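> Below is the sequence, then the predicted model.
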Amino acid sequence: LKEGAVPRDLIAESVDFHQPAPGGELVAALSEACERGRVVEMEYYTYGRDDITRRRVHPLSLEFGMGNWYLRAWDGRSREIRVFRVDRIKDMKVTADTFEPPPEEEADRPSPGPHGVAAGGEIEVCLRFSPALARWAEEQPIFSQAQMVRGRLVCTLRTDNLSWLERELLRYGTEVE
C-alpha cells in the first residue's frame, strides 16, 4: 500500500451503488414481450384514481426516466397507446398471444404522459414554487413552461385528471401556491 492510499475494502464500505430503478425480472419479461410482440395481461395501480384495474396490453417499448421504468403499450381497455409505470404493475402474465405493432403514424402519436399530464389537457394550472423547490421544479418534465417571477419559479402544466392533480399538489405542501 502506498502512503496516503486508501485500502480497497474501506472504499467498498464507504461507496454505495444503486441500480437506476428496481425492475429485475419484471423489466426483463416486459422487454422480451416487446421484442416478441406478446400480449401482456396485468393488474395495474392507477395513482391518479387510487384504483387497481385489470388490463390487456400490447407492449411497444420500455423507457427509463425520472428514476422509474415505464412501459409504452397499446391498452385494450382504453383502446389507445398509454404509458404505465412498471413499479405499479401488481400482477403480470405474458401470454402466448401475439400482436402486430401499430402502423408508424399510430405508434408515433403522442401518448398521455406518465404523470397524468396531457399537452392538450383541458385544465391548465400555474404553480408558484418557493425558492426551496424552484431548482427541482425547473427540471421536471411535467411542466410545459417555467419562468422566474419576482424571485419565485412559476410553472404551468395541463391535465385532464383532477384526481391526479389534487394528489400531485398535496405532494408539494406549503412550498407551492
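Yep, that arrived. Numbers count the residues shown, from 1 in each chain.

> tell me the average confidence for whichever strand or helix holds residue 40?
Using DSSP states H and E, residue 40 maps to strand 38-46. Mean per-residue pLDDT for strand 38-46: 95.

> C-terminal to the helix or strand bottoming out on mean pLDDT in the chain, what's the next element?
Ranked by mean pLDDT, DSSP states H and E, the helix or strand of the chain with the weakest confidence is helix 104-107, at a mean of 50. Scanning forward in sequence from helix 104-107 by DSSP H and E, the next helix or strand is strand 123-129.

> Which strands or helices does that following strand pack on?
strand 152-159, helix 162-172 (3 or more CB pairs under 8 Å, 6 or more residues apart in numbering; DSSP states H and E). Just so you know, the C-beta spots here come from the backbone N, C-alpha and C atoms, and that holds for glycine as well.

> re the thing from before, now do whatever helix or strand comes next after the strand holding residue 40: distance to the chain's middle.
Downstream of strand 38-46, the next assigned helix or strand under DSSP H and E is strand 51-65. Distance of strand 51-65 from the chain centroid (CA atoms, centre = their mean, to the nearest Å) equals 11 Å.

> Can you tell me what sits against strand 51-65?
Here strand 51-65 makes contact (CB atoms under 8 Å, 6 or more residues apart in numbering) with 20-21, 27, 30-31, 33-34, 37-46, 69-77, 81-82, 84, 86, 90, 99, 101-102, 107, 114, 141.

> how big is the angle separating it from helix 162-172?
For strand 51-65 against helix 162-172, the angle by axes from the mean of the first three to the mean of the last three CA atoms, to 10 degrees is 60 degrees.

> For strand 51-65, C-alpha coordinates in PDB please.
Taking C-alpha atoms only, strand 51-65 is exported to PDB below (Å, rounded to 0.1, in the frame of the first residue of the first chain):
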ATOM      1  CA  ASP A  51     -57.500   2.200  -8.200                       C
ATOM      2  CA  ILE A  52     -56.300  -1.200  -9.400                       C
ATOM      3  CA  THR A  53     -57.600  -2.400 -12.800                       C
ATOM      4  CA  ARG A  54     -57.100  -5.500 -14.900                       C
ATOM      5  CA  ARG A  55     -55.600  -4.700 -18.400                       C
ATOM      6  CA  ARG A  56     -54.600  -6.500 -21.500                       C
ATOM      7  CA  VAL A  57     -51.900  -4.500 -23.300                       C
ATOM      8  CA  HIS A  58     -49.700  -4.800 -26.400                       C
ATOM      9  CA  PRO A  59     -46.200  -3.700 -25.100                       C
ATOM     10  CA  LEU A  60     -44.400  -1.400 -27.600                       C
ATOM     11  CA  SER A  61     -41.300  -0.200 -25.700                       C
ATOM     12  CA  LEU A  62     -39.700   0.200 -22.300                       C
ATOM     13  CA  GLU A  63     -38.200   3.600 -21.200                       C
ATOM     14  CA  PHE A  64     -36.400   4.800 -18.200                       C
ATOM     15  CA  GLY A  65     -36.900   8.300 -16.900                       C
END
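
> Done for today, thanks.
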